[in-house]
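Asker: kindly return the folded structure for what I paste below:
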Amino acid sequence: MSGQIPAALRRLVFERAAGLCEYCLIHQSDAHFTFPVDHIISRKHQGATKAANLALACLRCNVTKGTDVGALIGRPRRLSRLYHPRKDDWRAHFHLAGARIVPVSDVGEATVRLLDLNARDRLMLRRALARAGRYPSLEALAYLRG
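Answerer: You can find the predicted model right below:
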């Protein structure tokens, strides 16, 4: 399949995610750029352009994740896979402590580290959104309730 994601599939991914980045839980309405659709397992690694391998991701999460499928964590260093939005429960790997995304598993640690989820600028944005009552959004709260 070409690099294009059909409009109907893109719409399905957006609606399934309720407009949220499935990694950092920012809502599309709070972003300057349209969220890209992420290949959870990249095409480079033979990931299919199918609903089961696609997630909605903010531009920052999408770019920092790139084609990676894992990251080195701990001492001594060991390889851990990244969070998979179609197969994993967000709450099993992370929890919110205010605006900070805290890993609670190796998968969470690898994902927080690689995607730089708690970078200073990202925390500042989420804190500003929290003060405005927009983080976590109603959609994110529903997502976290399962």
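Asker: for the most centrally placed residue in the chain, give me phi and psi.
Answerer: Residue closest to the average C-alpha location in the chain (C-alpha atoms, centre = their mean): Y23, at 1.6 Å. The phi and psi values for Y23, taken as degrees, to the nearest 10, are phi -100, psi -60.
Asker: do the same with the one 10 residues further on
Answerer: According to degrees, to the nearest 10, the main-chain angles of F33 amount to phi -120, psi 150.
Asker: on the pLDDT front, check it for me.
Answerer: On pLDDT, F33 comes in at 94.
Asker: using PDB, list the CA coordinates for stretch 69-88.
Answerer: Output in PDB follows, covering the C-alpha atoms of stretch 69-88 (Å, rounded to 0.1, in the frame of the first residue of the first chain):
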ATOM      1  CA  VAL A  69       9.300   0.000  18.500                       C
ATOM      2  CA  GLY A  70      11.400  -0.100  21.700                       C
ATOM      3  CA  ALA A  71      13.800   1.700  23.900                       C
ATOM      4  CA  LEU A  72      16.600   0.900  26.300                       C
ATOM      5  CA  ILE A  73      15.700   1.400  30.000                       C
ATOM      6  CA  GLY A  74      17.100   0.700  33.500                       C
ATOM      7  CA  ARG A  75      20.500  -0.300  34.800                       C
ATOM      8  CA  PRO A  76      21.900  -2.500  33.400                       C
ATOM      9  CA  ARG A  77      20.300  -1.400  30.100                       C
ATOM     10  CA  ARG A  78      17.600  -3.700  28.700                       C
ATOM     11  CA  LEU A  79      15.300  -3.400  25.700                       C
ATOM     12  CA  SER A  80      11.600  -2.800  26.300                       C
ATOM     13  CA  ARG A  81       8.900  -2.500  23.700                       C
ATOM     14  CA  LEU A  82       6.800   0.700  23.500                       C
ATOM     15  CA  TYR A  83       3.200   1.200  24.500                       C
ATOM     16  CA  HIS A  84       0.800  -0.300  21.900                       C
ATOM     17  CA  PRO A  85      -2.500   1.700  21.900                       C
ATOM     18  CA  ARG A  86      -4.400  -1.200  20.300                       C
ATOM     19  CA  LYS A  87      -3.200  -3.900  22.600                       C
ATOM     20  CA  ASP A  88      -2.300  -2.200  25.900                       C
END
